[in-house]
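> make a model of this:
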Amino acid sequence: MKGPLLSCLMMAVWTSWMIGEMPALSAEQKSGKGEMKRILPRVLEGYQWDGKDEFYDFNTAFRYMDGAAELYRSYHFKLLLVRRYVKAGHPSILVELFDMGSSEEAFGVFSYQSGEEEVAIGQGSDYGGGLLRFWKGRYFANVYAEKETSDAKKDILLLAETIAKNMRVGPKPNLIRFLPKEDLMENSLRYFHSHHVLNHHYFLSYENILHLGPKTRAVLATYSPAPEKGKTRLLLVHYPSTIEAQRAYNHFLQTYLPEAGATAGPVKIENGRWSAAKLHQRYVIGVFEASSEEEAKRRLDATQRNIVGR
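As a prediction, this is how the structure comes out:
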């Protein structure tokens, strides 16, 4: 990698589930280069663009990101623009601007690694270790100085704020609206398509037991009713068809909750907590690490009611 982009993210071995899913850069994507260049300012507070923009698409991202490219590819990213800003006596600032194709995917890749200092830029942001990450609309961006100084954070925030003002707001993934709100930790939301990403946040199995892939959509949330009750995970997966959902559900029960039987009632696991699952049309709902059998049932039923009601 040319910079610290995703240096703290997993570098797992990704399987071939993505192969063949994305075409070469289209004419529409090529026209998007102009829009991305418009979003980024040429000069700001003494910083000036060095005039050497670099573009990478779905098929050429490895030239810039090495193995980390697979994370962005799993979110179907369209185009990456890399721009450097220079100012005499100051470290260069690098901007990596990703056109993710939709605001849902932009939120998703942002949600992969969040939890640092929220700095109120775009529709979601965090700053830590000299790296600012934010998303707004269909775009996700990394902004960082090539050397951390006392003024670097101020310069990074100012540049990122200027960039974000040139972007349009977009919606979060629709799946999120089905999640029960009670006890939900808002900053815990993770949206994804790949079982590698799921395992990064909550390990289920080395095998893809839920049949996740480019055409599935999934959200993982954490609930914390009280410190003494610990944290509960809720997973909601949407499949392209009821048949695919049924197959994934059956496979999941057979391999992860065989004790649950056909009804998939809550099962007490080794650590004394409870897990359960439910199938509803094209959705599979899973609850993990619930504090009680009652809590597991309650969160499953609440999620199903939200799906039916909306």
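
> switch to C-alpha atoms for all contacts and neighbour counts from now on
Fine.

> send me stretch 177-188 as CSV with only the CA atoms.
Taking Å, rounded to 0.1, in the frame of the first residue of the first chain, the C-alpha atoms of stretch 177-188 are listed here in CSV:
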residue,chain,number,x,y,z
ARG,A,177,-35.0,0.4,10.0
PHE,A,178,-36.1,-3.1,10.8
LEU,A,179,-33.8,-3.3,13.9
PRO,A,180,-35.5,-2.9,17.3
LYS,A,181,-34.6,0.4,18.8
GLU,A,182,-34.7,-0.6,22.5
ASP,A,183,-31.2,-0.9,24.0
LEU,A,184,-29.6,-0.5,20.5
MET,A,185,-26.0,0.8,20.5
GLU,A,186,-26.2,3.1,17.5
ASN,A,187,-22.4,3.2,16.9
SER,A,188,-22.4,-0.6,16.7
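
> so the residue nearest to the spatial centre of the chain, which state does it fall into?
By CA atoms, centre = their mean, the chain has its centre lying nearest to G108, at 2.7 Å. State at G108, reduced to three classes by DSSP: H, G, I helix; E, B strand; the rest coil: helix.

> what of N199?
helix.

> so what's it up against?
Contact partners of N199, counting by CA atoms under 8 Å, 6 or more residues apart in numbering, are 205-206.

> K215 now?
Going by CA under 8 Å, 6+ apart, K215 touches 193, 239-240.

> confirm it sits in a helix?
No. Assignment of K215 by three-state DSSP gives coil, placing it outside any helix.

> how about the residue nearest to the centre of the chain: what's its closest non-neighbour residue?
Taking CA to CA, 6 or more residues apart in numbering as the measure, G108 lies nearest to Y191, with 4.7 Å between them; neighbours along the chain are not counted.

> how far away is that neighbour from N306?
Going from Y191 to N306 by CA to CA, to the nearest Å gives 18 Å.

> swap in H238?
14 Å.

> compare the two and say which is more crowded by neighbours.
More crowded of H238 and N306, by other CA atoms under 10 Å: H238, with 22 against 13.

> could you list the domains of the protein?
Split into domains by automatic domain parsing, the chain comes to 16-165, 174-309.

> which residues in the stretch 51-200 of the chain form strands?
Assigned strands in the stretch 51-200 of the chain, in chain order: 54-57, 79-87, 90-99, 124-128, 131-136, 139-145, 190-192 (criterion: DSSP state E, counting those that start in this stretch).

> for Y72, find the nearest of those strands.
strand 90-99 (8.9 Å; CA to CA).

> name every strand pairing with that closest one and say which way it goes.
When pairing is defined by DSSP bridges, strand 90-99 lines up against strand 79-87 (antiparallel), strand 139-145 (antiparallel).

> mean neighbour count added to the ones you listed, as a markdown table?
Formatted as a markdown table, the strands paired with strand 90-99 follow (neighbours: other CA atoms under 10 Å):
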| stretch | mean neighbour count |
| --- | --- |
| strand 79-87 | 20 |
| strand 139-145 | 26 |
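
> give me the low-pLDDT residue ranges for the stretch 201-310 of the chain?
The stretch 201-310 of the chain contains residues with pLDDT under 70 at 261-264.

> how about the strands in it?
For the stretch 201-310 of the chain, the strands defined by DSSP E, counting those that start in this stretch cover 217-226, 230-238, 267-268, 274-280, 283-290.

> looking at those, which is nearest to G101?
strand 217-226 (15.1 Å).

> just to revisit the earlier point, including distance to R299, could the strands of the stretch 201-310 of the chain go into JSON lines?
Converted to JSON lines, those look like this (distance: least, CA to CA, whole Å):
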{"stretch": "strand 217-226", "distance to R299": "10"}
{"stretch": "strand 230-238", "distance to R299": "8"}
{"stretch": "strand 267-268", "distance to R299": "14"}
{"stretch": "strand 274-280", "distance to R299": "10"}
{"stretch": "strand 283-290", "distance to R299": "7"}
